[in-house]
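Student: this is a predicted model, with the sequence first.
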There are 4 protein chains.
Amino acid sequence: MSDPKITPEQFNALAADKLPFAGLMGYQVEEIGYGTARMRLPVDEQHLRPGGTVAGPALMGLADATMYAVVLGMVGPVELAVTTNLTCNFLRRPSMVDIVAEGRILKLGKRLAVGEVSLYSEGDPEPVAHVTATYSIPPESTE
Amino acid sequence: MSDPKITPEQFNALAADKLPFAGLMGYQVEEIGYGTARMRLPVDEQHLRPGGTVAGPALMGLADATMYAVVLGMVGPVELAVTTNLTCNFLRRPSMVDIVAEGRILKLGKRLAVGEVSLYSEGDPEPVAHVTATYSIPPESTE
Amino acid sequence: MSDPKITPEQFNALAADKLPFAGLMGYQVEEIGYGTARMRLPVDEQHLRPGGTVAGPALMGLADATMYAVVLGMVGPVELAVTTNLTCNFLRRPSMVDIVAEGRILKLGKRLAVGEVSLYSEGDPEPVAHVTATYSIPPESTE
Amino acid sequence: MSDPKITPEQFNALAADKLPFAGLMGYQVEEIGYGTARMRLPVDEQHLRPGGTVAGPALMGLADATMYAVVLGMVGPVELAVTTNLTCNFLRRPSMVDIVAEGRILKLGKRLAVGEVSLYSEGDPEPVAHVTATYSIPPESTE
């Protein structure tokens, strides 16, 4: 097991510049390991919750940002990594608490990184959504 | 070919209440047919475009809303239809023009509706993203 | 935790009749729990391995059959359950040993069951493929 | 529009060696254009049709082979291209006629090719399944 190549503080600084959607949504990275990451969507982001639930795209965006943290934790702050594919299964209606996303790597290759993210209403062990995503990594980053 | 069961005006009224994310993002429905729909993300939604591009979740949300319009065009204003699965392939970097989404039904069943949405930078025939999505339809709607 | 509603023996009997592709491919169920299942593709199914690797569709079929075992372990021998969506990420080239598939439920609803399956070359902890799949369950089965 | 870089005859010769699953299943390429391909699963492949329908993995395999023909039609006979992601939506129960797959490219990049395949029971305009798939292309092929 290696050390993560980016800290949550470094990720947040990079995200403010490179992931504006994450800032708009209020996503907060909590932990980055080597091959794992945890992010949060705070419940007080009220504009996302009319009707008392979280919009699907806000969940997909949270999963996408979490996978980005997973990848950067393994390859370092590579700004050019881009999502090429994302599949989301919506499982349950989120409740009025924070959403917590737990991401982990499935494969880090030279050119592609694949991972999965499970999203939970905080305190509930049953996931509200499950995402698999693929990131393309620029050649110079891992070779 | 049947007539669509909802007009763009009816859809916009329903979306204002039921699709708050669509309002936040500035999505605008342009056309709803029986089994088709076209929606737009205007270029002047600047908060989505720092760095000159559209965030991936904004594209996925646009596709999701477009599929919702496709489904409601076939079953009428059923508020309880929910997305169960969405797969997005990100193909090209969007340019600084409106994004136009063209959705069409692949199958309308009693319980599930499946469709695909192609997203374009306006004026460019090459898609920037392609989405397939499944909606679950409440039993009373189509039986 | 409930008991599984079908045994491996019952599943194999049902599969011989209802999953002919599983028989053609030589898949063998090893274990069914309540919400989990493990299946195997034996290495001696030589017709699948010219060139020394397992064909992608053989992996997807194994994952599909594993999810079917997961679902039947929760709802009993419901012959009419059908796959509606399957997403596979191919991660690594399989080696010349058995493929083992580990499936688990993500959500069992009244109408849809969603799960994930990780596939391994036996003895290697890194997955060769990862699948998420959705099954549609006939109304009378769970209501 | 360019000319296709491989003929159906060349593809069949290559497939016999490199796509053994396609041979096992009886898939036949019918047409390869630049960015398109059509393949067929003949109805007389009886081992695939107990119960009068085509197994899901046989459909996914047909779509995978069709995408391979689409990609080779654009980059030439690159044996090392591999599927990295495949998403299938199963839409309708196939009937007892040939299955015809129509594939087309969504994006050919330097490293990834993405396409979609619609599968039909011959003579029926409603698709039985829809697939999107991504192929990874070795660096030397397109650069």
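Tutor: Everything's here; your move.

Student: what's the burial count for the residue of chain A found nearest chain D?
Tutor: Residue nearest to chain D within chain A: A:Asn85 (5.3 Å; Cβ to the nearest Cβ). C-beta: built from backbone N, CA, C; applies to glycine. Neighbourhood size, A:Asn85 [other Cβ atoms under 10 Å in any protein chain shown]: 24.

Student: what does chain A put close to chain D?
Tutor: Neighbours of chain D within chain A, by Cβ under 8 Å from any Cβ of the partner chain: A:Thr84, A:Asn85, A:Thr87, A:Arg111, A:Leu112, A:Val114, A:Thr134, A:Ser136, A:Pro139.

Student: need the residues you listed in CSV with distance to chain B and pLDDT, can you?
Tutor: Formatted as CSV, the residues of chain A next to chain D follow (distance: Cβ to the nearest Cβ, whole Å; pLDDT from 0 to 100):
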residue, distance to chain B, pLDDT
A:Thr84, 6, 97
A:Asn85, 5, 98
A:Thr87, 4, 98
A:Arg111, 15, 93
A:Leu112, 13, 96
A:Val114, 14, 98
A:Thr134, 9, 98
A:Ser136, 9, 94
A:Pro139, 17, 76
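
Student: so for the longest helix anywhere in chain A, mean pLDDT?
Tutor: Counting by DSSP state H, the longest helix found in chain A is helix A:56-75. For helix A:56-75, the mean per-residue pLDDT is 95.

Student: okay, the angle between it and helix B:56-75?
Tutor: Put simply, helix A:56-75 runs at 150 degrees to helix B:56-75, going by axes from the mean of the first three to the mean of the last three Cα atoms, to 10 degrees.

Student: how about the strands in chain A?
Tutor: Taking DSSP state E as the test, the strands found in chain A are A:28-32, A:36-41, A:82-90, A:99-108, A:112-121, A:127-136.

Student: contacting residues for the spatially most central residue of chain A?
Tutor: In chain A, the residue lying closest to the centroid (Cα atoms, centre = their mean) is A:Thr66, at 1.2 Å. For A:Thr66, the contact set (Cβ atoms under 8 Å, 6 or more residues apart in numbering or on different chains) comprises A:Val29, A:Ala37, A:Arg38, A:Met39, A:Ala101, A:Glu102, A:Gly103, A:Val117.

Student: then A:Val82?
Tutor: A:Tyr135, A:Ser136, B:Phe90.

Student: my read is that the residue of chain A closest to chain D contacts A:Ala133, right?
Tutor: Yes. Using Cβ atoms under 8 Å, A:Asn85 is in contact with A:Ala133, at 6.6 Å.

Student: re the thing from before, would you turn the contacts of A:Thr66 into TSV with pLDDT and neighbour count?
Tutor: Formatted as TSV, these follow (pLDDT from 0 to 100; neighbours: other Cβ atoms under 10 Å in any protein chain shown):
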residue	pLDDT	neighbour count
A:Val29	95	25
A:Ala37	98	30
A:Arg38	98	20
A:Met39	97	29
A:Ala101	98	28
A:Glu102	98	19
A:Gly103	98	29
A:Val117	98	29
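
Student: of all the residues in chain A, which ones are close to chain C?
Tutor: A:87, A:89, A:91-92, A:106-107, A:114, A:116, A:126-127, A:130, A:132, A:134.

Student: quick check: ChimeraX command selecting the buried ones in the residues you listed.
Tutor: Here is the ChimeraX command that selects the buried residues among these (16 or more other Cβ atoms under 10 Å in any protein chain shown):
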select /A:87,89,91,92,106,107,114,116,127,130,132,134
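
Student: from the residues of chain A next to chain C, which two are the most distant?
Tutor: A:Arg92 and A:Lys107 (27.6 Å; Cβ to Cβ).

Student: skipping its backbone neighbours, what lies nearest A:Leu108 in space?
Tutor: A:Met74 (5.3 Å; Cβ to Cβ, 6 or more residues apart in numbering or on different chains).

Student: measure A:Ser136 to D:Ala101 for me?
Tutor: According to Cβ to Cβ, to the nearest Å, A:Ser136 and D:Ala101 sit 27 Å apart.

Student: what's the answer for A:Ser95, then?
Tutor: Where D:Ala101 is concerned, A:Ser95 sits at a distance of 43 Å (Cβ to Cβ).

Student: now the longest helix of chain A against strand A:82-90, angle please.
Tutor: Going by the same axes, to 10 degrees, helix A:56-75 makes 130 degrees with strand A:82-90.

Student: hey, which helix or strand in chain A has the poorest pLDDT?
Tutor: helix A:20-25 (a mean of 82; mean pLDDT, DSSP states H and E).

Student: summarise which helices and strands that helix is packed against.
Tutor: For helix A:20-25, the elements it packs on are helix A:8-18, helix A:56-75, helix B:56-75, judged by 3 or more Cβ pairs under 8 Å, 6 or more residues apart in numbering or on different chains; DSSP states H and E.

Student: now render those as JSON lines, adding distance to D:Lys5.
Tutor: As requested, the helices and strands packed on helix A:20-25 are exported to JSON lines (distance: least, Cβ to Cβ, whole Å):
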{"stretch": "helix A:8-18", "distance to D:Lys5": "38"}
{"stretch": "helix A:56-75", "distance to D:Lys5": "33"}
{"stretch": "helix B:56-75", "distance to D:Lys5": "31"}
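
Student: and of those, who's closest to C:Glu122?
Tutor: Using Cβ to Cβ, the helices and strands packed on helix A:20-25 put helix A:56-75 closest to C:Glu122, at 26.1 Å.

Student: now the angle from the closest one to helix A:8-18?
Tutor: 120 degrees.

Student: how far out from the middle of the chain is helix A:56-75?
Tutor: 2 Å (Cα atoms, centre = their mean, to the nearest Å).

Student: okay, the angle between that helix and strand A:127-136?
Tutor: Relative orientation of helix A:56-75 and strand A:127-136, computed by the same axes, to 10 degrees: 50 degrees.

Student: can you get me a residue count around A:Val28?
Tutor: That one is not Val; residue A:28 is Gln. A count of nearby residues for A:Gln28, using other Cβ under 10 Å, gives 16.

Student: ok so, going back, now, which of the contacts of A:Thr66 sits nearest C:Leu62?
Tutor: A:Val117 (24.1 Å).

Student: thought that closest one was touching A:Ala65?
Tutor: No. If you go by Cβ under 8 Å, A:Val117 and A:Ala65 don't touch, sitting 9.4 Å apart.

Student: perfect, I'm done here.
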